[in-house]
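> Here's a sequence, model it:
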Amino acid sequence: MKNMTPRLMANACGGILHFPEMNEAAANLEVTDIVTDSRKAAEGMLFAAIPGERVDGHSYIRQVCEKGAFCILCERDLTEGDIPAGYEDCVCWIRVPSTLGALRDLGEYYLQQMGIPAVGIVGSVGKTSTKEMVAAVLSQKYRVCKTQGNFNNELGVPLTIFRIREEDEIAVLEMGISDFGEMHRLSRIVHPDTVVMTNIGECHLEFLGDRDGVLKAKSEVFDYLHSDGHIILNGNDDKLVTLQNVGGIRPVFFGIPVEKAQGVPVGAEQTPLTCFADEIEALGLDGTKAAIHTPGGSFTCTIPIPGKHMVMNALAGTAVGLAYGMDPQQIREGIESLQPVSGRFHIVKTGRMTIIDDCYNANPISMKASLGVLRDALGRRVAVLGDMAELGSEERRFHLEVGAFARECGIDALITIGDRGKWIGEGAGDGILQAHYDSTQSFLEAEKTLLQPGDTVLVKASHCMAFEKIVAALENREV
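This is a model prediction of the structure:
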């Protein structure tokens with residue numbers, strides 16, 4: 001890792017470096033990687049020992065040294081018992097007040113050493129799918145390092161940055177928060193060259209209060225935006241269109257024009273859409289066809305993942321591609337190369353049924369978007385929906401609204417799970433076939449009598465509901 005020696009890292013994070021008296025050269029060796037999971041430690045790595053509620057990383061220092069990690073980032077002085085016999089002359093350690101804080105500092109330092117632009121993906125809903133789309137587009141011209149999985153918080157962002165290597169040309173970093181101040185700290189790590197905001201939704205209201213609070217918290221991303229950077233915003237979001245000038249930067253807006261009665265696109269006079277889509281044609285679960293228009297030309301593409309929200313993601317990817325000098329043909333090829341991510345609207349065809357695996361997380365906006373796609377599916381359309389977490393004092397209303405929307409979509413059956421999930425059923429009312437279960441496990445014990453061959457089944461809830469167990473069970477069913 002470029003310029004990531006124990007000596008330089010200690011300076012970057014304000015730590016105190018300790019190195020073997022007989023081997024000062026070890027302080028000037030570059031580490032090969034940085035890990036927080038002792039199981040991943042290997043020769044030449046730095047192990048960051050993070051104290052947790054259930055597991056303290058400091059307990060594994062001896063083990064990682066035996067695996068060849070030669071540098072330890074830690075919150076206490078190491079003793080003879082921490083370093084195994086025979087390794088005393090080759091292990092350095094950096095003492096810091098907070099390992100997590102030091103990792104943030106090191107993430108910022110390393111990204112600056114690599115000198116590549118960073119695209120920050122921010123928003124209440126659709127960050128991961130937008131990140132995947134942006135990375136797919138940029139990959140047609142650049143070597144891209146992107147966030148893997150849900151590594152989008154104050155630990156995940158530095159760990160993603162540590163994966164960057166000298167052959168990489170651009171980083172696409174998902175940035176997720178749940179409270180004020182977190183985005184400010186993430187922005188200091190990333191110093192984004194480009195910020196993409198997907199929307200301002202009703203998420204984490206338990207901490208942020210209302211959508212204005214969400215906008216304020218997300219907007220902390222601009223605290224460390226480069227002065228010549230790009231801001232790319234959803235022009236169909238009523239909160240984001242208020243950001244007409246941010247620190248002297250005029251945002252680029254993308255969206256789908258909504259026709260007024262007289263035929264004038266909504267917001268045309270105040271918020272022109274630089275990138276917009278029309279001629280949108282749903283292809284069921286095979287995706288969506290759309291015409292995308294940009295200042296550099298127009299093109300028609302097939303977005304391989306279904307849903308109107310994926311058209312918005314394609315527009316975001318288009319706007320980023322244009323910002324980095326890509327032509328419409330490259331952008332189209334990037335959009336059409338998109339691959340689904342497990343748990344994020346992943347279509348699984350088992351031979352017995354079709355599963356819409358959207359179980360990673362849920363909020364009112366994403367629930368309705370997924371139900372809208374289920375509406376266009378073939379066969380009996382079944383929604384298995386569970387609790388939406390962190391919605392604050394209005395959580396019952398939001399669940400009721402999702403239930404009402406499910407009824408409007410005309411789906412054939414609604415199965416709800418959990419204490420909050422019960423409210424979804426209440427909102428749907430009597431006009432739809434329903435069943436309710438108190439827990440994910442109780443549903444799993446009964447699902448063989450509920451689901452039929454040929455069904456299309458949407459599986460969606462907040463991550464705390466562990467609905468991935470439902471997807472796995474349905475995938476493995478043979479009869």
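> Please make it C-alpha for all contacts and neighbour counts, starting now.
Noted.
> What helix or strand is Ile94 located in?
strand 92-95 (DSSP states H and E).
> Can you name the next helix or strand after that strand?
Downstream of strand 92-95, the next assigned helix or strand under DSSP H and E is helix 99-114.
> mean confidence for the strand holding Ile94?
Strand 92-95 carries an average pLDDT of 95.
> Which strands and helices lie in contact with that strand?
Strand 92-95 sits against helix 6-13, strand 16-18, strand 71-74, with contacts defined as 3 or more Cα pairs under 8 Å, 6 or more residues apart in numbering; DSSP states H and E.
> Number of residues surrounding Gln330?
17 (other Cα atoms under 10 Å).
> no no, Asp358
Around Asp358 there are 25 residues (other Cα under 10 Å).
> so who does it touch?
Listed by Cα atoms under 8 Å, 6 or more residues apart in numbering, the contact set of Asp358 reads 342-346, 370, 458-461.
> hang on, the earlier thing: ok now the strand holding Ile94, how far from the chain's centre?
Distance of strand 92-95 from the chain centroid (Cα atoms, centre = their mean, to the nearest Å) equals 32 Å.
> contact partners of that strand?
So strand 92-95 is contacted by 6, 10, 15-20, 26-27, 70-78 (Cα under 8 Å, 6+ apart).
> Next, the buried residues of that strand.
92-95 (16 or more other Cα atoms under 10 Å).
> quick check, nearest of those residues to Gln329?
Ile94 (49.1 Å; Cα to Cα).
> Could you measure from that closest one over to Tyr110?
16 Å (Cα to Cα, to the nearest Å).
> if we can go back for a sec, pull the strand holding Ile94 out as CSV, backbone CA atoms only.
C-alpha atoms of strand 92-95 as CSV (Å, rounded to 0.1, in the frame of the first residue of the first chain):
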residue,chain,number,x,y,z
CYS,A,92,5.6,-2.8,15.3
TRP,A,93,2.6,-1.3,17.0
ILE,A,94,0.9,2.1,16.9
ARG,A,95,-0.8,3.2,20.1
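> Strand partners (parallel or antiparallel) of it?
strand 16-18 (antiparallel), strand 71-74 (parallel) (DSSP bridges).
> how much space between Gly68 and Lys368?
50 Å.
> Same check on Thr350?
On the measure of Cα to Cα, Thr350 and Lys368 end up 25 Å apart.
> If you count surrounding residues, which of those two has more?
Of the pair Thr350 and Lys368, Lys368 is the one with more neighbours under other Cα under 10 Å, namely 19 against 14.
> does the more buried one belong to a helix or a strand, and which?
helix 364-374.
> which stretches of the stretch 301-450 of the chain aren't confidently modelled?
Residue ranges of the stretch 301-450 of the chain with pLDDT under 70: 343.
> State the phi and psi torsions of the residue nearest to the spatial centre of the chain.
By Cα atoms, centre = their mean, the mean C-alpha position of the chain lies nearest to Thr128, the distance being 3.4 Å. Main-chain torsions, Thr128, degrees, to the nearest 10: phi -70, psi -50.
> go on, Gly307?
Dihedral angles for Gly307 - degrees, to the nearest 10 - are phi 120, psi 140.
> most neighbours, which of the contacts of Asp358?
Going by other Cα under 10 Å, Lys460 tops those with 34 neighbours.
> Where do the domain boundaries of this structure fall?
6-102, 115-336, 346-475 (automatic domain parsing).
> quick one, what contacts Cys13?
96, 102-103, 105-106.
> burial count for Glu445?
Neighbours around Glu445, by other Cα under 10 Å: 9.
> Secondary structure element for it, which one?
helix 440-446.
> Which strands or helices does that helix pack on?
Short answer (3+ Cα pairs under 8 Å, 6+ apart): helix 440-446 packs on helix 468-475.
> how about a cut-off of 10 Å?
Secondary-structure packing of helix 440-446 (3 or more Cα pairs under 10 Å, 6 or more residues apart in numbering; DSSP states H and E): strand 413-417, strand 433-437, helix 468-475.
> Out of the ones you listed, flag the one nearest Ile161.
Nearest of these (Cα to Cα): helix 468-475, 27.5 Å.
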